[in-house]
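>>> need coordinates for the below:
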Amino acid sequence: LEATHGTHLVRAVLAYLTICRRSGVSETELVHLLSLDDEVLADVYEWWVPPMRTCPPLVLTMLLAELAAYLSRRGDGSGQELAC
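The predicted model follows:
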């Protein structure tokens, strides 16, 4: 996973999922958290510096697709949350 998606991104996502394992975390919340991490953004934007540095949702979606077998989705209808 680290070779495909980047070391900092994979480690940050797994760390946030571990921290939020009881209450869960939505994909939107994960994108916001990842956007605050300069190392993740440096990994994602290795060859280009955008005018507004936020983590692209597609990057997270592709990583979560590979982790789907290890995650469960739950929610109250207002939005799905990921849990380990």
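>>> in this protein, where's the longest helix?
Identified as the longest helix of the chain according to DSSP state H is helix 7-19.
>>> enumerate every residue touching residue 52.
Under the criterion of CB atoms under 8 Å, 6 or more residues apart in numbering, residue 52 has no neighbours. All C-beta atoms are positioned from the backbone trio N, CA, C, and that covers glycine.
>>> name the helix or strand for it, please.
Residue 52 is part of no helix or strand, with elements assigned from DSSP states H and E.
>>> next one: it from residue 41, what distance?
Relative to residue 41, residue 52 is positioned 11 Å away (CB to CB, to the nearest Å).
>>> who touches the longest helix of the chain?
Contacts of helix 7-19 (CB under 8 Å, 6+ apart): 1-2, 25, 30, 33-34, 37, 39-40, 42-44, 59-60, 63-64, 67, 71, 82-84.
>>> give me the buried entries from the residues you listed.
Among those, the ones that count as buried by 16 or more other CB atoms under 10 Å are 25, 30, 33-34, 37, 40, 43-44, 59-60, 63-64, 67, 82-83.
>>> helices - which of the residues you listed land there?
Using DSSP H, those in helices are 30, 33-34, 40, 43-44, 59-60, 63-64.
>>> and for residue 24, the neighbour number?
By other CB atoms under 10 Å, the residues close to residue 24 number 19.
>>> next one: residue 9
Neighbour count of residue 9, defined by other CB under 10 Å: 23.
>>> from residue 66, how far off is it?
Separation of residue 9 from residue 66 (CB to CB) stands at 12 Å.
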